[in-house]
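In: coords please:
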Amino acid sequence: MKKIERLPHTAIVLKPSIQFLNWSLPFHDPYAPVQPLDADVFLIPDWSDDIEVYHWLSDHFSTLFIHFLSEWTEIEAFWPNVNDYGVFNEFFEVTIIPIAWRVNEE
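Out: Have a look, this model is predicted:
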């Protein structure tokens, strides 16, 4: 039987935007078709409202930004300004999922 339990986390889903895709083009295999990039999910501490989540995000966005950029190149000279929250918001569509669940086999 499967057991479903609530995780004590909020999930932030970051989906790269067209601006991120355009930035990443030089790092793609030139012979592979270019496809939209997949979203990533990050579990952060659980908060009761979106305002607290956006406050957390505004304090930690550069860590998430660097995570995505370093997947494409470690050469920081090619990165956009990772300390600019406006650039981060241009590069990602952010979705907040206030409740995360885990399904376990039992």
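
In: return the alpha-carbon coordinates of the longest strand along the chain using CSV.
Out: Identified as the longest strand of the chain according to DSSP state E is strand 9-16. C-alpha atoms of strand 9-16 as CSV (Å, rounded to 0.1, in the frame of the first residue of the first chain):
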residue,chain,number,x,y,z
HIS,A,9,8.7,22.2,2.6
THR,A,10,7.5,24.6,0.0
ALA,A,11,8.5,23.9,-3.6
ILE,A,12,9.9,26.5,-6.0
VAL,A,13,9.7,25.5,-9.7
LEU,A,14,12.1,27.3,-12.0
LYS,A,15,11.4,26.9,-15.7
PRO,A,16,14.0,28.5,-18.0
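
In: quick one: buried residues of that strand?
Out: His9, Thr10, Ala11, Ile12, Leu14, Pro16 (16 or more other Cβ atoms under 10 Å). (C-beta placed from N, C-alpha, C; glycine too.)

In: name the strands paired with it and say parallel or antiparallel.
Out: In the sheet, strand 9-16 lines up against strand 40-45 (antiparallel), strand 92-97 (antiparallel) (DSSP bridges).

In: can you list contacts of the next helix or strand after it?
Out: Next in sequence after strand 9-16, counting helices and strands by DSSP states H and E, comes helix 18-24. For helix 18-24, contacts defined as Cβ atoms under 8 Å, 6 or more residues apart in numbering pick out Pro16, Val34, Pro36, Leu37, Phe68, Trp72, Pro80, Glu90, Phe91, Phe92.

In: right, I'll call it a day here.
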